[in-house]
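Novice: here's my sequence, what's the structure:
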Amino acid sequence: MEAPVQHRQLTVGSLTRSYRVFVPPTLDRRRAVPLILALHGGANTVDDLVKTTQFDRFAATDEFIVAYPEGVGGYWNAGFCCGPAARDGVDDLGFLDALLDRMQADYRIDASRVFLAGASNGAIMAYRFACQRADRVTAVGAVAGAMLVEECRPSRPVSVLEVHGKADTSLPFNGGVSFRGPPWPPRRCPRRPRSSGAGPR
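Specialist: The predicted model follows:
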């Protein structure tokens, strides 16, 4: 029996990409199970996300598989940003496509329960994937993200849960200039986000 945590690689174009997989040791391999692709934030790592989300613990309890792909230089090419991944035009859409293919080949994945979870730059990447690969994802859970795809026309509806604090100075809730420099979100966005009214008053 394989260890619950596996560190693996796959080649996309000219790049060798890394990812971490957690498979609960008690998982019934005979039935199809949900999959979460968990995308770390900018300048963060897979290990950071494993610690902050505790997805492994929840996966063991609720019987799903988690794959944590690693961005290039700690970043994702989410289109509008970020870091060296965007600057160098890294094919992160291709990477996530290839990772999904690999996960579906290696495990019995329920294609109707494939979820993307991301933080910050990882959340922006999750939105991009949902816009351009809606046929492969059921829902997105985003923390401190933003929809920065210039034209988002998904082939089918994708459910979204966005958690975003009003005190965020990296991706300001109401837009504007972040402490990182660029205006956020880009002026092409047709409307500003609305608050649910939840949280401290």
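
Novice: going forward, measure contacts between C-alpha atoms and count neighbours the same way
Specialist: Fine.

Novice: check which helix or strand covers the closest residue to residue 125 other than its chain neighbours.
Specialist: Leaving aside its sequence neighbours, residue 125 sits nearest to residue 78 (C-alpha to C-alpha, 6 or more residues apart in numbering; 4.5 Å). Counting by DSSP states H and E, no helix or strand carries residue 78.

Novice: phi first, then psi, for residue 78.
Specialist: phi -90, psi 20 (degrees, to the nearest 10).

Novice: which residues touch it?
Specialist: 86, 92, 121, 124-125, 128, 148-149 (C-alpha atoms under 8 Å, 6 or more residues apart in numbering).

Novice: list the buried residues for the longest helix anywhere in the chain?
Specialist: Taking DSSP state H as the criterion, the chain has its longest helix at helix 92-106. For helix 92-106, the neighbour count (16 or more other C-alpha atoms under 10 Å) marks 92-93, 95-97, 99-100, 103 as buried.

Novice: ditto for stretch 156-172
Specialist: Neighbour-count burial for stretch 156-172 flags 158, 160, 162, 164, 170-172 (criterion: 16+ other C-alpha under 10 Å).

Novice: okay if I get those as TSV plus distance to residue 7 and pLDDT?
Specialist: Formatted as TSV, the buried residues of stretch 156-172 follow (distance: C-alpha to C-alpha, whole Å; pLDDT from 0 to 100):
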residue	distance to residue 7	pLDDT
158	29	95
160	29	95
162	29	93
164	31	91
170	31	82
171	31	82
172	35	81
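
Novice: just the ones in strands from these, please.
Specialist: 160, 162 (DSSP state E).

Novice: tell me the confidence at residue 199?
Specialist: Reported pLDDT at residue 199 in the predicted model: 46.

Novice: my error: substitute residue 168 in the last question.
Specialist: 87.

Novice: wait, what's in contact with residue 36?
Specialist: So residue 36 contacts 64-67, 114-117 (C-alpha under 8 Å, 6+ apart).

Novice: next up, the contacts around residue 81.
Specialist: Applying C-alpha under 8 Å, 6+ apart, the residues near residue 81 are 87, 121.

Novice: quick one: residues in contact with the helix or strand containing residue 17.
Specialist: Per DSSP H and E: residue 17 is located in strand 15-22. Around strand 15-22, the neighbours that count as contacts under C-alpha under 8 Å, 6+ apart are 4-11, 46, 56, 59, 65-70, 95.

Novice: just the ones of those in strands?
Specialist: If you go by DSSP E, the contacts of strand 15-22 have 5-11, 65-69 in strands.

Novice: quick check: the farthest pair among these?
Specialist: 11 and 65 (21.5 Å; C-alpha to C-alpha).

Novice: neighbour-wise, which of those two wins?
Specialist: A count of neighbours by other C-alpha atoms under 10 Å puts residue 65 above the other of residue 11 and residue 65, at 26 against 12.

Novice: now the more buried one, which residues is it bridged with?
Specialist: residue 35 (DSSP bridges).
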